[in-house]
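Novice: just coords:
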Ligand SMILES: Nc1ncnc2c1ncn2[C@@H]1O[C@H](COP(=O)(O)OP(=O)(O)O)[C@@H](O)[C@H]1O
Ligand SMILES: Nc1ncnc2c1ncn2[C@@H]1O[C@H](COP(=O)(O)OP(=O)(O)O)[C@@H](O)[C@H]1O
Ligand SMILES: [Mg+2]
Ligand SMILES: [Mg+2]
């Protein structure tokens, strides 16, 4: 068995509405080994969720369509599987949890019922066995009095509890891959800490790889081995978490890191914001998608799209000025007065 | 010492739930805000933090008199706003404005940005058409947008820009106090930083006083001078940001601080992981509302509700641990430990 669990090559996803086409994902590539966690970070609209839902082939069509690329899971080329084959993989070998646990649970069925249904769809267990397994899963995700709560409805659970239930459902079939799309964004920090802890613990016991999608670098530092930084449908930087933290290369990644409010930022100094906002993906972008907001941008950036290159070992980035031979000086690009950015 | 611009005393809001029997007042109530008192001084930023549902937004709406309190007083420049007559309240209200979390929901999509910003001026019958137009242009520029954009509609702006429009609207009447209820929570970090910079700049330029509500403890530390920590409708700890972040005396505040995500992959966090989630405000736990989740709970905590106590440096905390000779919290460092390393 090879160590690689998932390979995504040049994934492209577009949405059509009327005469306009939104290039939501524009050539995303990465690979993930067994038991490894990869984080995808980027601002809203950068294509994180579309990338995640593409992995399960759940992009609504129309208006969406996977227009290019390959997704290889173990030895299966997912984009070539029949719908029936794909259904066998979904919720069984690959499962997903979403940001808002209240919309993914059906309010008219009990929590227990929903877990049992999901277990029975994929495992050959009778009703009683499935129920025992469901209760075991609820206990595993730290729901107190699981047997009693088995027959309760979603509205009787807090947001944090509902997310635990979603994790129980997602992990009930021991998936090889768990895709978590902002699983803690809607939760309070105290509950976020509980849920991230839980995911780390469970991962050790079930050997699942995780694709963790978040806009919060803190969540990546907590949970991931590798990471992708996405901007406007493109991956602009990828590598190990440690390497990208120690030696970030792309000016967008610098902007993201600099705009974090950390303990070392004194309230006397102004925050380093990235000026402006991301481009409209329904318009054609020529050149580097970040050029309009980049403090280092030059003529070439507006004309030519930079390729992802290996700028340091195992560390890739797409910037004309970050190559093996040439490096930017991070300090030089710092724009200090960014409070009056005109639209 | 300067006089407080806002004095809030024993403020309460109990929402009565629908009774199963018509015309009979239900005895079940949500004690959304349950006796909070604090002062806000001119030019400062008071931060309010706490998990969702602890009563932050309700408190904001009480201070602004958008809803009437069940009990308590709100003094603005020495005058009690509670039960003030309508005409007088209208005048006083100009002094306190609000900025809300959702920059999408809070702007009427059918109105132009110019109309939206001029609205408070029209309501308060200030100026004429020409002077309002001038004022709108000026306000747009103050918040970092183009004066020429006043004819555009909200959907033509990004989230961060829409929040700037909300801020311009709040500034229109030259308020003294702005209550910001999660003003940057819906924005991406890079844009969040732009809006925070703007709010800080405006505070300096116009000598504004802020009440800044947020669940993001990093944002609050950066923006606020003093911080009030709320739990189930009560303030459980209050003090300068330094006191709260470096010398918190309340296990709940400690737990909140310890759950802030790591700042680097190398940080080692000693977390106080709380059990469960916030209990229902309808039947809050007896004694200290926090005792069921508190890792340090003692017998007394189950029966007796602790009072806010002065612990020095203008720092108040309500916890029975403070009555002990050896407070176990003193042995737990707040500062994180980091592996020795150079990182840039
Ligand atoms: N169902 C859809 N119809 C049309 N456009 C969509 C749809 N889903 C996503 N998009 C577009 O795809 C882009 C990327 O979205 P998404 O992956 O959700 O971003 P993220 O998760 O990074 O915030 C956005 O521009 C969004 O408008
Ligand atoms: N109009 C209302 N009727 C009944 N309960 C309410 C109402 N508004 C708020 N609440 C309740 O009051 C509590 C505090 O809510 P809120 O002030 O919105 O908290 P926060 O802003 O801290 O998240 C919650 O339990 C909420 O459900
Ligand atoms: Mg998303
Ligand atoms: Mg609120």
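Specialist: That came in fine, so what should we check first? Keep in mind that this is a model prediction, so the values were computed, not measured. Ligands and ions are numbered 1, 2, ... in the order given.

Novice: where does chain B come near ligand 2, residue by residue?
Specialist: Among all residues of chain B, those adjacent to ligand 2 (criterion: Cβ under 6 Å from any ligand atom) are B:15, B:30, B:32, B:50, B:52, B:53, B:54, B:55, B:56, B:57, B:58, B:281. Every C-beta, even on glycine, is put in place using the N, C-alpha and C of the backbone.

Novice: and for the stretch 51-200 of chain A?
Specialist: Counting by Cβ under 6 Å from any ligand atom, the stretch 51-200 of chain A comes close to ligand 2 at no residue.

Novice: which single residue of the stretch 51-200 of chain A ends up nearest chain B?
Specialist: Minimum separation of the stretch 51-200 of chain A from chain B (Cβ to the nearest Cβ) falls at residue A:193, amounting to 3.8 Å.

Novice: got a list of what the nearest residue to that residue once chain neighbours are set aside touches?
Specialist: Closest residue to residue A:193 in three dimensions, ignoring its sequence neighbours and counting by Cβ to Cβ, 6 or more residues apart in numbering or on different chains: residue B:259, at 3.8 Å. With contact set as Cβ atoms under 8 Å, 6 or more residues apart in numbering or on different chains, residue B:259 has these partners: A:189, A:190, A:192, A:193, B:271, B:272, B:273, B:274.

Novice: that older thread, who's in contact with the helix or strand where the residue of the stretch 51-200 of chain A closest to chain B lies?
Specialist: In this assignment (DSSP states H and E), residue A:193 forms part of helix A:189-206. Contacts with helix A:189-206, where a contact means Cβ under 8 Å, 6+ apart, come from A:35, A:37, A:140-142, A:158-160, A:163-164, A:167, A:171, A:174, A:180, A:183-184, A:187, A:208, A:210, A:219, A:222-223, B:51, B:215-217, B:255-256, B:258-261, B:271, B:273-274, B:277.

Novice: mind listing what's buried in it?
Specialist: By neighbour count, with 16 or more other Cβ atoms under 10 Å in any protein chain shown as the criterion, the buried positions of helix A:189-206 are A:189-199, A:202-203.

Novice: any chance of the residues you listed in CSV, plus distance to ligand 1?
Specialist: Output for the buried residues of helix A:189-206, formatted as CSV (distance: Cβ to the nearest ligand atom, whole Å):
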residue, distance to ligand 1
A:189, 21
A:190, 25
A:191, 21
A:192, 18
A:193, 23
A:194, 24
A:195, 19
A:196, 19
A:197, 24
A:198, 23
A:199, 19
A:202, 24
A:203, 23
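
Novice: what ranges do the strands span in the stretch 151-300 of chain B?
Specialist: Along the stretch 151-300 of chain B, the segments classed as strands by DSSP state E, counting those that start in this stretch run B:177-181, B:209-213, B:226-231, B:234-240, B:267-268.

Novice: next one: the stretch 1-150 of chain A
Specialist: Per DSSP E, counting those that start in this stretch, the stretch 1-150 of chain A carries strands over the ranges A:4-17, A:20-33, A:37-41, A:64-73, A:76-77, A:94-97.

Novice: now check the second one, is it near ligand 1?
Specialist: Same thing as strand A:20-33. Yes. Contact between strand A:20-33 and ligand 1, assessed by Cβ under 6 Å from any ligand atom, occurs at A:22, A:24.

Novice: average model confidence for that strand?
Specialist: Confidence over strand A:20-33, taken as the mean pLDDT, stands at 95.

Novice: how big is the angle separating it from strand A:64-73?
Specialist: Angle between the axes of strand A:20-33 and strand A:64-73 is 10 degrees (criterion: axes from the mean of the first three to the mean of the last three Cα atoms, to 10 degrees).

Novice: next, the buried residues of strand A:20-33.
Specialist: Going by neighbour count (16+ other Cβ under 10 Å), the buried part of strand A:20-33 is A:21, A:22, A:23, A:24, A:25, A:26, A:27, A:28, A:29, A:30, A:31, A:32.

Novice: try the fourth one
Specialist: Neighbour counts using 16+ other Cβ under 10 Å place A:64, A:66, A:69, A:71, A:72, A:73 of strand A:64-73 among the buried residues.

Novice: bridge partners for the nearest residue to the fifth one once chain neighbours are set aside, pull those for me.
Specialist: When the adjacent residues along the chain are set aside, residue A:72 lies closest to residue A:7, with 4.5 Å between them (Cβ to Cβ, 6+ apart). Legend: beta-bridge partners of residue A:7 under DSSP bridges are residue A:31, residue A:72.

Novice: now do the SS call for residue A:180.
Specialist: Taking DSSP: H, G, I helix; E, B strand; the rest coil as the rule, one finds residue A:180 in the strand state.

Novice: quick one: neighbours of it, just the number.
Specialist: Residues contacting residue A:180 under the criterion other Cβ atoms under 10 Å in any protein chain shown number 28.

Novice: which residue sits closest to whichever residue of the stretch 101-250 of chain A sits closest to ligand 2, ignoring its sequence neighbours?
Specialist: With Cβ to the nearest ligand atom, the shortest gap between the stretch 101-250 of chain A and ligand 2 falls at residue A:188, namely 9.3 Å. Excluding the flanking residues, the one nearest residue A:188 by Cβ to Cβ, 6+ apart is residue B:51, at 4.2 Å.

Novice: ok, that neighbour touching residue B:278?
Specialist: Yes. Using Cβ atoms under 8 Å, residue B:51 is in contact with residue B:278, at 5.2 Å.

Novice: picking that back up, now the residues of chain B next to ligand 2 in JSON lines, please, with extra columns for pLDDT, neighbour count and secondary structure.
Specialist: Formatted as JSON lines, the residues of chain B next to ligand 2 follow (pLDDT from 0 to 100; neighbours: other Cβ atoms under 10 Å in any protein chain shown; DSSP: H, G, I helix; E, B strand; the rest coil):
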{"residue": "B:15", "pLDDT": "92", "neighbour count": "16", "secondary structure": "strand"}
{"residue": "B:30", "pLDDT": "91", "neighbour count": "19", "secondary structure": "strand"}
{"residue": "B:32", "pLDDT": "94", "neighbour count": "23", "secondary structure": "strand"}
{"residue": "B:50", "pLDDT": "94", "neighbour count": "26", "secondary structure": "coil"}
{"residue": "B:52", "pLDDT": "88", "neighbour count": "16", "secondary structure": "coil"}
{"residue": "B:53", "pLDDT": "88", "neighbour count": "21", "secondary structure": "coil"}
{"residue": "B:54", "pLDDT": "92", "neighbour count": "27", "secondary structure": "coil"}
{"residue": "B:55", "pLDDT": "94", "neighbour count": "25", "secondary structure": "coil"}
{"residue": "B:56", "pLDDT": "95", "neighbour count": "23", "secondary structure": "helix"}
{"residue": "B:57", "pLDDT": "94", "neighbour count": "19", "secondary structure": "helix"}
{"residue": "B:58", "pLDDT": "96", "neighbour count": "20", "secondary structure": "helix"}
{"residue": "B:281", "pLDDT": "82", "neighbour count": "20", "secondary structure": "coil"}
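
Novice: and those residues near chain A, which?
Specialist: With the criterion set as Cβ under 8 Å from any Cβ of the partner chain, the members of the residues of chain B next to ligand 2 near chain A are residue B:52.

Novice: most widely separated two among the residues of chain B next to ligand 2?
Specialist: Checking those against each other with Cβ to Cβ, the farthest-apart pair comes out as B:15 and B:50, at 17.6 Å.

Novice: report how many residues lie close to residue A:43.
Specialist: The number of residues packed around residue A:43, counting by other Cβ under 10 Å, is 21.
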